[in-house]
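K.L.:
fold the following and give me the result.
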Amino acid sequence: MRYDSCFACGKDNPIGLKLQFSFNDGVASASFVANSRYEGYPGIIHGGIVSTLLDEAMAKAILQSGKKAVTARLGTKFHKALQTGASVSVMGWIKEAKSRSISAEAKIIGMDKVLIASAEAVFIVLGDMP
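P.N.:
Residues are numbered from 1 along each chain as shown. Got it, this is the predicted structure:
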C-alpha cells in the first residue's frame, strides 16, 4: 500500500522526508540525509524529526507484517545530536505482537556506527491489511 502524501514516506509530499524503506528479516530500514531544512538549533536536526524517523521505521515494520496500526505511545531516547548533513540508517522492528497491540523498537545509527537515537513504542492494531 502506498501513502503518497505521508510526511515521512510520501513521494508527493513537497516538504516530506521521502524515506524509502527496504525489508529484511522483519526489520524495516531506510537511509536518511539530515537536511538543514529540518534543523532545530543551527547544525542540529529537530528532535521531532528524529522521533518521526523512528516512529515511521516501526510503523513500516508493522505494515510489512500485514497489520495496520497507529502509535499509542512513543518513547524516544536521544543518545547524540543528529548533525545537519549527516547520513544515517534508520531501522525498526516488532518486539512483541498481540491481537490488539504491538510493541516495537527502532534506532538511528550514523555511518560511523554510533547510536544517535532509539525508541520504543506501542501501536494499536486497526486491522489486517486488505
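K.L.:
tell me how far stretch 84-91 is from the chain's mean position?
P.N.:
12 Å (C-alpha atoms, centre = their mean, to the nearest Å).
K.L.:
for stretch 93-108, same thing?
P.N.:
Per C-alpha atoms, centre = their mean, the centroid offset for stretch 93-108 relative to its chain is 12 Å.
K.L.:
next, the buried residues of that stretch.
P.N.:
W93, I94, A97, I102, A104, E105, A106, K107, I108 (16 or more other C-beta atoms under 10 Å). Placement of C-beta: from N, CA and C, glycine included.
K.L.:
now S5. Nearest residue, chain neighbours left out?
P.N.:
Among residues not flanking S5 along the chain, N13 sits closest, at 5.5 Å (C-beta to C-beta, 6 or more residues apart in numbering).
K.L.:
wait, I meant F78
P.N.:
In space, not counting the residues next to it along the chain, F78 is nearest to A117; the distance is 5.2 Å by C-beta to C-beta, 6+ apart.
K.L.:
isn't the one you found right next to K77, touching?
P.N.:
Yes: the criterion here is C-beta atoms under 8 Å, and A117 meets it with K77 at 6.5 Å.
K.L.:
just want to know which of those two has more residues nearby.
P.N.:
With neighbours defined as other C-beta atoms under 10 Å, A117 and K77 compare such that A117 has more, 23 against 11.
K.L.:
tell me the contacts of that one?
P.N.:
Contact analysis of A117 by C-beta atoms under 8 Å, 6 or more residues apart in numbering lists V50, S51, L53, L54, T76, K77, F78, H79, K80, L82, K107, I108.
K.L.:
give me that answer again for 10 Å
P.N.:
Applying C-beta atoms under 10 Å, 6 or more residues apart in numbering to A117 gives the contacts 45, 47, 50-51, 53-54, 76-82, 88, 90, 106-109.
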